[in-house]
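[1] Build me a model from this:
(3 chains)
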Amino acid sequence: MDISPILDPLNDEQRAAVTAPAGATLVLAGAGSGKTRVLIHRIAWALTALGASPHNILAVTFTNKAAAEMRHRIEKLLGMPGGAMWVGTFHGIAHRLLRLHHQLAGLPPGFQILDSEDQQRLIKKLIRAQELDDTRFVPRDVQYYINKLKDDGVRPAQVKAGYDPMQQTLAKLYAAYEETCQRSGVVDFAELLLRAFELLRDNASLAAHYRARFTHVLVDEFQDTNSIQYAWTRLMAGNDGSPFVVGDDDQSIYRWRGARVENLRQFSRDYPNATMFRLEQNYRSTGNILDAANALIANNSGRLGKNLWTSGGKGEPIHVYAAYNERDEADFVLHRILEWNRRGGARREVAVLYRSNAQSRVFEEAFLSARVPYKVYGGLRFYERAEIKDALAYLRLVSNRHDDASFERVVNLPTRGIGARTLEGLRAAARQRGESMWAAAARMLSGMPEQKLPGELSAAEAFGARGATALLGFLQLIDRLDADTKGLPLHEQIDHVIQNTGLIEHFRKDKQDKGEARIENLEELVSAARGFDADALSPGTEGEKLPPLEAFLAHAALESGEGQADEWDDCVQMMTLHTAKGLEFPLVFMAGMEDGLFPHQRSIDDLEGLEEERRLCYVGITRAMKQLYVSYAEQRRLHGMDSFGVPSRFIEEIPAALVEEIRPRVQVARPAIGVARFRPVAPEAAAPGIKLGARVRHTRFGDGVILNLEGQGSQARVQVNFEHQGAKWLMLSYANLEIVR
DNA sequence: ACTCATTGGTTTTTT
DNA sequence: ACCAATGAGT
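    Numbering: from 1, shown residues only, chains lettered A, B, ... in the order given. Below you'll find the predicted structure:
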């Protein structure tokens, strides 16, 4: 086979990495240095020069999108289908393993996947069931606690709760949660990974089988792996196997969800013979943009070290705009985009990046009124919509009666007279016997004589006559749906369920326009099912055939369905900095660059958090190919309150030589000659009594002492050390400080 | 069971 | 400001 297409498009560094000898390999790849390309060409290299077959390849990514792209590009490069390769996300591949070996993994054959919303609802139910104070045990926090333990591989039995009653209760909740999941036959996302890990850890011969098979294990975005993913990768690759991992410690922005950058270092320790490569030549951005990124990230400690360079030119400076407020900022961005447009630039080449989703609003309003098409990424995805999840819950019950989460979701939707009382009785009964709600209901309503446990109530006692009838109706409904749809094609199954559960009527009643949209979404679900082809999604199935309904449900949970339909419309792209990772745009705006917003207030105080924010900023800067605009608002309406901001510290970390400040348009009356703000104004003149050490009062921040003064006239700033809020920089002209004493 | 008012809380996101 | 979740009242 001709290997020139594999090696020719590569630079020296890339080629060295791609042709590395079989064995552990670590590629530190800077932003825009051809990371994915190296991964893909490495696979091609393994298949040609190293004599591997597609059967031997396991390639793991974090997102479905990345996995799909990888498969696509390999097949294109090699000109052949790579069906026998395992290419997928950590979760997808873990899922596949668990389906194949569900018995060894201790799972029922039809187990289903709990997404994080389902998980939270279930946890909430458990907290209530244990009659705990849900202000002390916040479902979200408990969810985080449980997932953290799972990410670290800790099972309930191994939790060290000590004598702290809070910890003990949490540990009890974790145990109860696990029990419920196991009984219901459902698995959450963290559980997929943990089970797959334990499966290999506890079954030496199975692990040996896969190690023998996957002689080439490749991992993308290695800096995003958590402990379990890393441990699993090691089991899969073996200690003397050939893991080929690619990552960039400077782009680690998911520490908050369990990612461990340390895994990059750990890799070198665990594989002392590993070859390491650095990709530092950047093909994306101008020199100025790279210099800015390099300078910024140099402020982080403990980096593995990397300096991006380009053979291209310096390009334009980084533009910094100090907006008066957030609307002025949006206006500014809008006009620059119109200008870009006028000069022949496409809208899809432009990205507006921000720290948090709420910030998109002002831009949307500005774009809307100027009729500039835009697309906001993020937000609710298809399979996460309430009505879709309702329909899926029915389907899940049809497929598995013991799924309590689904049971609770739809037992009274649409309302059929199964109220809180009835459910409480049912929950209590189920808890007492340690069975699912379905099982408890069926048992109590069967009318069969049974042996009662002491203190157990009869159906009539527990639910009342009306509740009992209604509940029986629900059980019969589900059974009927199951019987009526057996053997039907998937989409007809789903259509039948939607038509016969009363969901349509339920949403039709919705007075607002929402009901209509919901019904359309349900119809869309049917057509999604019609187009669903399980084989196309996980090719190379070797006896891992799943009933179509179950395959579809797993698909819905694992791929929440990021619609890529209108990606090619010519729209301005708007998204958070996190979402932007891995993408590139000729023109990039980073908006809302104010301390407290970015870096975010909640990360500002600890070093680790701040460094992660800095990496996020690094990610943002390195998205830009040709032009980068950075902006902040001196005044911003946040949570309904006006507040004054100071420029993000990250702006100052960009060398001044690379920056060109854009002066705000002169407001209101033009000064007669020259620029007023350059006229020296004694601080006293602007604000009497404002001097170092003075005690001042701020309407929001309270009392404090002036630490520092800077700037002149309308640009004057003060740094005040507030008694309760700590030190803050404020614009003197907006801060409205009152001198105390 | 549904409607309306009040309350709390607001980073980032995949799977 | 805005959303979701809760609680009181019809």
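[2] residue boundaries of the helices in the stretch 351-500 of chain A?
    Here the stretch 351-500 of chain A has its helices, by DSSP state H, counting those that start in this stretch, at A:360-369, A:386-399, A:404-410, A:420-433, A:437-445, A:459-485, A:490-500.
[3] Run through the residues of the stretch 51-200 of chain A sitting next to DNA strand B.
    Selection of the stretch 51-200 of chain A residues close to DNA strand B by CB under 7 Å from any atom of the strand yields A:62, A:63, A:64, A:65, A:89, A:91, A:92, A:115, A:116, A:135, A:189. Every C-beta, even on glycine, is put in place using the N, C-alpha and C of the backbone.
[4] Sort out for me which of those are in strands.
    The strands, defined by DSSP state E, take in residue A:89 from these.
[5] just so I know, which of the helices of the stretch 351-500 of chain A lies nearest DNA strand C?
    helix A:360-369 (7.1 Å; CB to the nearest atom of the strand).
[6] Which two of the residues of the stretch 51-200 of chain A next to DNA strand B have the greatest separation?
    The span of these, defined through CB to CB, is set by A:65 and A:135 at 38.8 Å.
[7] Next, give phi and psi for residue A:310.
    Phi and psi for residue A:310, reported as degrees, to the nearest 10, are phi -140, psi 150.
[8] Next one: it relative to DNA strand C, how far apart?
    42 Å (CB to the nearest atom of the strand, to the nearest Å).
[9] Could you check how far that residue is from residue A:289?
    Distance, residue A:310 to residue A:289, by CB to CB, to the nearest Å: 9 Å.
[10] Those two: which has the busier surroundings?
    residue A:289 (29 against 20; other CB atoms under 10 Å).
[11] Pull the contacting residues for that one.
    Residue A:289 is in contact with A:315, A:318, A:621, A:622, A:624, A:625, A:628, counting by CB atoms under 8 Å, 6 or more residues apart in numbering.
[12] The residue in the stretch 101-250 of chain A positioned nearest to DNA strand B - nearest residue in space that isn't next to it in sequence?
    Residue nearest to DNA strand B within the stretch 101-250 of chain A (CB to the nearest atom of the strand): residue A:189, separated by 3.3 Å. The spatially closest residue to residue A:189, leaving aside those adjacent along the chain, is residue A:91, at 6.0 Å (CB to CB, 6 or more residues apart in numbering).
[13] Look up how far residue A:176 lies from the closest residue in space to residue A:291 that isn't next to it in sequence.
    If the residues on either side of it in the chain are set aside, residue A:291 comes closest to residue A:658, at 5.6 Å by CB to CB, 6+ apart. Using CB to CB, residue A:658 is found at 56 Å from residue A:176.
[14] swap in residue A:578?
    From residue A:578 across to residue A:176, the span is 33 Å (CB to CB).
[15] just to revisit the earlier point, isn't the residue of the stretch 101-250 of chain A closest to DNA strand B right up against residue A:117?
    No. Here residue A:189 does not reach residue A:117: they are 11.3 Å apart, not a contact under CB atoms under 8 Å.
[16] Between those two, point out the one with more neighbours.
    Between residue A:189 and residue A:117, residue A:189 has the larger neighbour count (other CB under 10 Å), namely 21 against 12.
[17] For the stretch 601-741 of chain A, what lies in contact range of DNA strand C?
    For the stretch 601-741 of chain A, the residues in contact with DNA strand C (CB under 7 Å from any atom of the strand) are A:637, A:639, A:640.
[18] Regarding chain A, what is its longest strand?
    strand A:624-638.
[19] residue contacts, the nearest residue to residue A:349 once chain neighbours are set aside?
    In space, and not counting its chain neighbours, residue A:349 is closest to residue A:586: 4.3 Å by CB to CB, 6+ apart. Each residue near residue A:586 by CB under 8 Å, 6+ apart is listed here: A:345, A:349, A:350, A:624, A:625, A:626, A:627.
[20] what helix or strand is residue A:586 on?
    If you go by DSSP states H and E, residue A:586 is part of strand A:585-590.
[21] Any part of that strand near DNA strand B?
    No. For strand A:585-590, no contact with DNA strand B is found by CB under 7 Å from any atom of the strand; the gap never falls below 13.9 Å.
[22] show me the contacts for the residue of the stretch 201-350 of chain A found nearest DNA strand B.
    Closest approach between the stretch 201-350 of chain A and DNA strand B, counting by CB to the nearest atom of the strand: residue A:256, at 4.2 Å. Residues in contact with residue A:256, defined by CB under 8 Å, 6+ apart, are residue A:612.
[23] And for the one 3 residues further on?
    Each residue near residue A:259 by CB under 8 Å, 6+ apart is listed here: A:223, A:224, A:225, A:226, A:252.
[24] how far away is the nearest residue to the third one once chain neighbours are set aside from residue A:66?
    The spatially closest residue to residue A:225, leaving aside those adjacent along the chain, is residue A:263, at 5.1 Å (CB to CB, 6+ apart). Shown here: residue A:263 relative to residue A:66, a distance of 18 Å by CB to CB.
[25] out of those two, which sits in the more crowded spot?
    residue A:263 (24 against 20).
[26] host element of the more buried one?
    Short version, using DSSP H and E: residue A:263 is in helix A:262-270.
[27] pLDDT on that helix, on average?
    Averaging pLDDT along helix A:262-270 yields 95.
[28] mind saving the C-alpha coords of that helix as CSV?
    The C-alpha trace of helix A:262-270 is given here as CSV (Å, rounded to 0.1, in the frame of the first residue of the first chain):
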residue,chain,number,x,y,z
GLU,A,262,-2.3,15.1,36.1
ASN,A,263,-3.1,12.1,33.9
LEU,A,264,-0.7,13.5,31.4
ARG,A,265,2.2,13.4,33.8
GLN,A,266,1.0,10.2,35.3
PHE,A,267,1.1,8.6,31.9
SER,A,268,4.9,9.3,31.7
ARG,A,269,5.3,7.7,35.1
ASP,A,270,3.1,4.7,34.3
